[in-house]
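A.B. asks: structure, please.
(chains A and B)
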Amino acid sequence: MTLLELHDVSVTYRIAAGEVPAVRNVDLALAAGEALGIAGESGSGKSTLAMALLRLLPRGARVDGRILLDGEDVLTMKWGRLRAVRWASASIVFQGAQHALNPVRRIGDQIAEPLLVHGLAKNPGKRVAELLGQVGLPAWRARSYPHELSGGQRQRVMIAMALACEPRLIIADEPTTALDVMVQAQVLSLIKKLMAEHGISMIMISHDLSVLADMCDRLAVMYAGRLVEVGPSREVFHDAKHPYSRALAAAFPTVGDPASRMAPRGLGGDPPDPMALPTGCPFHPRCPVALPECSSAAVELWPAGPGRTAACVHVLEDPPAAAVPDEARVAVDKEAS
Amino acid sequence: MTEVATARKTLLEATDLRVEFPSRGRRAKAVDGVNIAVGEGEIVALVGESGCGKTTLARTLLGLERPTAGRVMYGGAPLSYTSRALKAYRREVQLVLQDPTGSLNPRHTVYEAVAEGPRIHGLPDEERIVAEALSHAGLRPAERYFLRYPHELSGGQRQRVVIAGALALQPRILVADEPVASLDASVRGEILALLLRLREELGLAALVVTHDLGLAWNIADRVAVMYLGRIVESGPVEQVLKEPRHPYTQALLSVLPESPERVVLAGEPPDPTRVPGGCRFHPRCQVLASGLADEADVGHRCRDEALAVLPAVPDAQAACHYANR
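C.D. replies: Residues are numbered from 1 along each chain as shown, chains lettered A, B, ... in the order given. Below is the predicted model of the structure:
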């Protein structure tokens, strides 16, 4: 059963200098109980996309397309309904728990807040203790303030809050980025266990493909606001079809792999400016295997094996001949210059 | 690539180093007996979790902290803490920090940022030094970057500017604290490749402080694993990371994605104001908890008998009663 569907979702930020297309024409679906990883670098649009799912973006952002949560369009929901959906149907674990928690309120009160807002708990104290237990913290921690907790413990509190209203979907935005390896392992295995126990679906966002491959069933890789590859996570990680996904996967070496010993691998160049995207495939200026036509031929997600798609001409048996430059695109470029 | 624990000439060394701080009425033993040496042109990774003392150790090696006991040796002579001696020392031993955005003054151009060191040290021919440093750091043609401001650069370019600032003083060793932790995945490899290239081109040694074992695998000759103020295992990277002998190193490696069997240690890294007796790792040790140490009849030693401080030798070694039984 499909829990979440994205149809042609685009997000555009309006700033003084013009419009910034942060997310462009994303189609995705998430089945109930499934874990989907969204990978990409800063500026790829992955966090913007996550925020758009619950309409958490700032005022200057315009979201187009349709975002169906349990068949209901999040983008056209009334405020009251949206409030009910947030926390209760889907909740977010933000990165950097030290900034997401209120420093002057006790942990217990912060966890209880969504319960009270949604009128879900007659005895919030008991439920808070239960939630703290689920994330491996003692009940007396409810009386602590955020600064009395370590980074890992604060991230556990964030997870407890996200679980409070028993949502069906958790969106985790870089949930372990600032944490130590061992604490990261603790938090990740906790998330995995809770998802399995409660049958919760998850969208996890990270730049670390190896972590996503470990945690998620499927992976979607974003570049310059677009999906460039989607597929089963192990396959995308070990045998990426898109050269950008390959570079991301190689950035985190497997310890013991002779190929990466004394050979760190990166990607030359920088991500493109979203206001001046390259023509053709937006990745072509950095692509190690670019063909002449890549600078002009449009790319889209093409089938690349069972359950897989990739936006790279190399997955096509007959790469398209250099297409006529998209006239609209040329016009935009002229305006920009 | 073959790896032999060759006898490199020691450049920077700490002997029986201890650094303590007052902490809420107690003494925090941030560095609690460490021997470590970096040879000429050698890249050593110092690996550990936050709070293990690795950053304090790095700061002490740079002369930014005074050791409580033990000493720092550079080029065979003990470090002198007079301001004149420290100034000269810091030309040779340069620091690169984690967050390039925080290390750069947003109102200084790239040129000013890189020229600051040479100016302080009154070096002649400033413009040539800056241009060379930038091009060594991979920002070419250098002149194109002179008048740029940090906000006009990408994260990777900013870290290159920081590295160029260090190179401008023609140091012999870089101490880099998490040099790629705040960078994007694709840029990470580029900066690490730069450190390898600087070693090749300039013979530049490096002590890289990190929590990332993949980084050690990518660029380091040797690795030292730190836990609660002590180095618990050290040696050539291939040996230590492929056949770790200390249970803590084994646990750190086991939680990397892709590894077959995970050992997730419970709890948080312990408090340096309360270092456990016996082996300092024993309260969290999976080998002791599983009963293996007791079967081998070393469990009582793990609980009661402190381990000697590891010497600064290039060969693989572990501070563990069970591994050394």
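
A.B. asks: residue ranges for the strands of chain A, please.
C.D. replies: A:2-15, A:18-31, A:35-39, A:61-69, A:72-73, A:90-93, A:169-173, A:201-206, A:218-223, A:226-232, A:302-303, A:309-310 (DSSP state E).

A.B. asks: interface residues of the stretch 51-200 of chain B facing chain A?
C.D. replies: B:154-157, B:184-193, B:196 (Cβ under 8 Å from any Cβ of the partner chain). Any C-beta I mention is one placed from the backbone N, CA and C, and that applies to glycine too.

A.B. asks: just to revisit the earlier point, can you flag the weakest of the strands of chain A by average pLDDT?
C.D. replies: Sorting the strands of chain A by mean pLDDT places strand A:90-93 lowest, at a mean of 90.

A.B. asks: what's it packed up against?
C.D. replies: Applying 3 or more Cβ pairs under 8 Å, 6 or more residues apart in numbering or on different chains; DSSP states H and E, one finds that strand A:90-93 makes contact with helix A:151-163, strand A:169-173.

A.B. asks: list the contacts of that strand.
C.D. replies: For strand A:90-93, contacts defined as Cβ atoms under 8 Å, 6 or more residues apart in numbering or on different chains pick out A:4, A:50, A:53-54, A:56, A:69, A:114, A:155, A:158-159, A:161-165, A:167-173, A:175.

A.B. asks: run the last query once more with 6 Å
C.D. replies: Residues from elsewhere that reach strand A:90-93 (Cβ atoms under 6 Å, 6 or more residues apart in numbering or on different chains): A:Met158, A:Ile159, A:Ala162, A:Pro167, A:Leu169, A:Ile170, A:Ile171, A:Ala172, A:Pro175.

A.B. asks: quick one: A:Cys165 from chain B, how far?
C.D. replies: 28 Å (Cβ to the nearest Cβ, to the nearest Å).

A.B. asks: type out the ChimeraX command that picks the buried ones from the residues of the stretch 51-200 of chain B next to chain A.
C.D. replies: Written as a ChimeraX command, the selection of buried residues from these, which uses 16 or more other Cβ atoms under 10 Å in any protein chain shown, is:
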select /B:154,155,156,157,184,185,186,187,188,189,190,191,192,193,196
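
A.B. asks: how about the residues of the stretch 101-250 of chain A by chain B?
C.D. replies: Contact residues, the stretch 101-250 of chain A versus chain B (Cβ under 6 Å from any Cβ of the partner chain): A:150, A:180-182, A:185-186, A:189, A:207, A:210-211, A:214, A:247-248.

A.B. asks: read off the pLDDT value for B:Ala137.
C.D. replies: 93.

A.B. asks: could you do B:Gly51 as well?
C.D. replies: Per the predicted model, pLDDT is 82 at B:Gly51.

A.B. asks: ditto for A:Leu115
C.D. replies: 87.

A.B. asks: which non-adjacent residue is nearest the residue of the stretch 1-150 of chain A found nearest chain B?
C.D. replies: As assessed by Cβ to the nearest Cβ, chain B sits closest to A:Glu41 within the stretch 1-150 of chain A, at 4.1 Å. Leaving aside its sequence neighbours, A:Glu41 sits nearest to B:Asp184 (Cβ to Cβ, 6 or more residues apart in numbering or on different chains; 4.1 Å).

A.B. asks: what sits against residue 316?
C.D. replies: Because you didn't say which chain, this covers chain A. A:Trp302.

A.B. asks: not quite, go with chain B.
C.D. replies: Counting by Cβ under 6 Å, 6+ apart, B:Ala316 makes contact with B:Gly235, B:Gln239, B:Val240.

A.B. asks: what does the helix or strand hosting the second one contact?
C.D. replies: Okay, so that is B:Gln239. Counting by DSSP states H and E, the element that carries B:Gln239 is helix B:237-242. With contact meaning Cβ under 6 Å, 6+ apart, helix B:237-242 is reached by A:Val255, A:Gly256, B:Glu3, B:Ala216, B:Trp217, B:Ala220, B:Val223, B:Ala316.

A.B. asks: give me the neighbour count for the residue nearest to B:Asp212 when sequence neighbours are not counted.
C.D. replies: In space, and not counting its chain neighbours, B:Asp212 is closest to B:Ala181: 7.2 Å by Cβ to Cβ, 6+ apart. By other Cβ atoms under 10 Å in any protein chain shown, 15 other residues sit near B:Ala181.

A.B. asks: same check on B:Thr10?
C.D. replies: That count, for B:Thr10 with other Cβ under 10 Å as the rule, works out to 17.

A.B. asks: you'd agree it is up against B:Ala37?
C.D. replies: Yes. At 4.8 Å, B:Thr10 counts as touching B:Ala37 under the criterion of Cβ atoms under 6 Å.

A.B. asks: what residues does A:Ala24 make contact with?
C.D. replies: In this structure residue A:24 is Arg, not Ala. A:Ser10, A:Gly225, A:Arg226.

A.B. asks: try B:Glu126
C.D. replies: B:Ala115, B:Pro118.

A.B. asks: got phi/psi on the residue in the stretch 201-337 of chain A positioned nearest to chain B?
C.D. replies: Chain B sits closest to A:Gly266 of the stretch 201-337 of chain A, with a gap of 2.7 Å, by Cβ to the nearest Cβ. With angles defined as degrees, to the nearest 10, A:Gly266 sits at phi -130, psi -160.

A.B. asks: now for it, how many residues are close by?
C.D. replies: Neighbour tally, A:Gly266, other Cβ under 10 Å: 22.
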